[in-house]
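Student: Show me how the following folds:
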Amino acid sequence: MKNYSYTPSGVCSRRIDFALDEQGRLHNVTFTGGCPGNLLAIGKLVEGADAKDIAALLRGNDCSGRGTSCADQLAIAIGEALQKNG
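Tutor: A predicted model of the protein is given here:
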């Protein structure tokens, strides 16, 4: 399993950490900062899911007209991690 850390922009969370296993599944998604209840729920909901599917599902999700959200930032982080694994 490979661990990743991403610094989001335009949102309240300050860091997103997660791991990708050899099959491209997400594990241990955690957010530092942001809305604790919602972000803990996201981590639980995506545990073990296919990273590409989750990135596609969450991409473009907006928070209060910011043009992004913590979920969207997770999608961006996953996309970058998948490119590195490429």
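Student: which non-adjacent residue is nearest residue 78?
Tutor: Among residues not flanking residue 78 along the chain, residue 55 sits closest, at 4.2 Å (C-beta to C-beta, 6 or more residues apart in numbering). Just so you know, the C-beta spots here come from the backbone N, C-alpha and C atoms, and that holds for glycine as well.
Student: correct me, but the one you found touches residue 72?
Tutor: No. Counting by C-beta atoms under 8 Å, residue 55 stays clear of residue 72, with 9.8 Å between them.
Student: What distance do you get for residue 14 to residue 8?
Tutor: 7 Å (C-beta to C-beta, to the nearest Å).
Student: That should have said residue 64, apologies.
Tutor: From residue 64 across to residue 8, the span is 15 Å (C-beta to C-beta).
Student: These two: who's more crowded?
Tutor: Neighbour totals were compared for residue 64 and residue 8, and residue 8 leads with 22 against 7 (other C-beta atoms under 10 Å).
Student: helix/strand/coil for the more buried one?
Tutor: What DSSP: H, G, I helix; E, B strand; the rest coil gives for residue 8 is coil.
Student: what's around the residue lying closest to it once chain neighbours are set aside, how many residues?
Tutor: In space, and not counting its chain neighbours, residue 8 is closest to residue 73: 3.6 Å by C-beta to C-beta, 6+ apart. Using other C-beta under 10 Å, the number of residues around residue 73 comes to 23.
Student: Nice, that's everything, thank you.
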